[in-house]
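A.B. asks: need a 3D model of the sequence below.
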Amino acid sequence: MLNLEGSMFVPVFFYGREQNLWEDRGIDLSIEVAGFGKFSRTFSEGLATGLSPLSSLPMAGNLAGDTSVKCFGQTMNFINQCFVQADSDIQEPGDLEGMTVGVPGRGSSTTRYYIAQWAELYDFDLLEAPAEIVDSPTSTLYNFLENDEEIDAGILFTGDTIKALANDDLRSIYNPVPAWKEDHGYPPSVTMFGVYDEFLETNPGVVMDFWNGWVEAVELFRDEFDQAMNQYGAVGGIDLSSDGEVEQVRSLVENGQLFPTEWNEDWIEMNANLFELVAQHGGLEAAPGTDQFRTHEQIQETS
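C.D. replies: I've put the predicted structure just below:
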């Protein structure tokens, strides 16, 4: 399977694999850490063998399109935020009109979520209202913000959101989670698990063993946080020499805000509603119905 470079779920997979959490279940888990462009093509170009995490909106496009794939869980909650310099006059997204805004890929799930939510909440067109859009890797956007260069605001992926939250020179002007969770009961998912239909039909027990390995990996990552971070935090984009960054991650993990291990019909309904909102604002050609998701009970019934 493919993992996204600089994403905080990558250390969980590496640490769990080192502790044989999948091998003990009879699963030989191979991992490639890839850039966003390749990661987002995981299923559309057949880059995964059977199952894999994937950014949620590319996943939604696969689910609603011709790709024979189903979603059976989420990998990581959405914590990606929009930052400005701490002393900036910018207070909210509406203040970005006529400004220069950095986005981590116009086609990324993060950017498309922002387009939809800012249109709904602020009547703000993210792609048209700013004077300029800078489309760059999230690490580059963070460096621009840190050095007060090139951009007035930047939307960052998980690892660089952590860096920004730990940096007193930067300030968040938008966190997508509170409003969405208040209305829908759950935070939005930024990465999800998908599995090819044929693989699911012929190996439902393996899919559940994989999921159970993931749940155990999340629990072990939380319980052995310091050791896991020392070994693999860097591949998640975390500067291990920064106590502030490490403590930001620790808080998110301990409070269950980063890696959800729950999956049911309510989670599915929430994600379907979010995909529909994104589709309404042009971020998806079509939103998948709930029939493109599988609960774990449904998978177990076919085992």
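A.B. asks: after the helix or strand harbouring residue 63, which helix or strand is next?
C.D. replies: Residue 63 is part of helix 56-64, with elements assigned from DSSP states H and E. Next along the chain after helix 56-64, taking DSSP H and E as the criterion, comes strand 69-77.
A.B. asks: that following strand packs against which elements?
C.D. replies: helix 56-64, strand 189-196, helix 197-202, helix 204-223, helix 265-280, helix 296-301 (3 or more C-beta pairs under 8 Å, 6 or more residues apart in numbering; DSSP states H and E). Every C-beta, even on glycine, is put in place using the N, C-alpha and C of the backbone.
A.B. asks: tell me what the third one is packed against?
C.D. replies: Helices and strands in packing contact with helix 197-202 are listed as strand 69-77, helix 204-223; criterion 3+ C-beta pairs under 8 Å, 6+ apart.
A.B. asks: and of those, who's closest to residue 117?
C.D. replies: strand 69-77 (15.1 Å; C-beta to C-beta).
A.B. asks: for that closest one, buried residues please.
C.D. replies: 69-77 (16 or more other C-beta atoms under 10 Å).
A.B. asks: got it, and stretch 45-54?
C.D. replies: Burial within stretch 45-54, assessed by neighbour count using 16+ other C-beta under 10 Å, is assigned to 47-48, 50-54.
A.B. asks: how long is that stretch from one end to the other?
C.D. replies: Stretch 45-54 stretches 13 Å from its first residue to its last (C-alpha to C-alpha, to the nearest Å).
A.B. asks: neighbouring contacts of it?
C.D. replies: Contact with stretch 45-54 is made by 1-4, 9, 30, 38-43, 62, 72, 75, 191-196, 199, 203, 206-207, 210, as judged by C-beta atoms under 8 Å, 6 or more residues apart in numbering.
A.B. asks: equivalent analysis for stretch 79-88, please.
C.D. replies: Under the contact criterion C-beta under 8 Å, 6+ apart, stretch 79-88 has outside partners 90, 93, 110, 114, 145, 148, 152-158, 161, 164-165, 168-177, 190, 252, 257-258.
A.B. asks: quick one: average pLDDT of that stretch?
C.D. replies: The average pLDDT within stretch 79-88 is 95.
A.B. asks: pull up the distance across that stretch, start to finish.
C.D. replies: End-to-end distance for stretch 79-88, by C-alpha to C-alpha: 22 Å.
A.B. asks: that one: which residues count as buried?
C.D. replies: By neighbour count with 16+ other C-beta under 10 Å, stretch 79-88 contains the buried residues 79-85, 88.
A.B. asks: from the contacts of stretch 45-54, which would you call buried?
C.D. replies: 1-4, 9, 39-43, 62, 72, 75, 191-196, 199, 203, 206-207, 210.
A.B. asks: just the buried ones from the contacts of stretch 79-88, in PyMOL syntax?
C.D. replies: Burial among the contacts of stretch 79-88 is assessed by 16+ other C-beta under 10 Å; the matching PyMOL selection reads:
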select buried, resi 90+93+110+114+145+152+153+154+155+156+157+158+161+164+165+170+171+173+174+176+177+190+252+258
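A.B. asks: thinking again about what came up before, quick one: closest of the helices and strands packed on helix 197-202 to residue 20.
C.D. replies: Closest among the helices and strands packed on helix 197-202, once you apply C-beta to C-beta, is helix 204-223, at 9.5 Å.
A.B. asks: packing partners of the closest one?
C.D. replies: Judged by 3+ C-beta pairs under 8 Å, 6+ apart, the packing partners of helix 204-223 are helix 9-18, strand 69-77, strand 189-196, helix 197-202, helix 243-254, helix 296-301.
A.B. asks: alright, that wraps it up for me.
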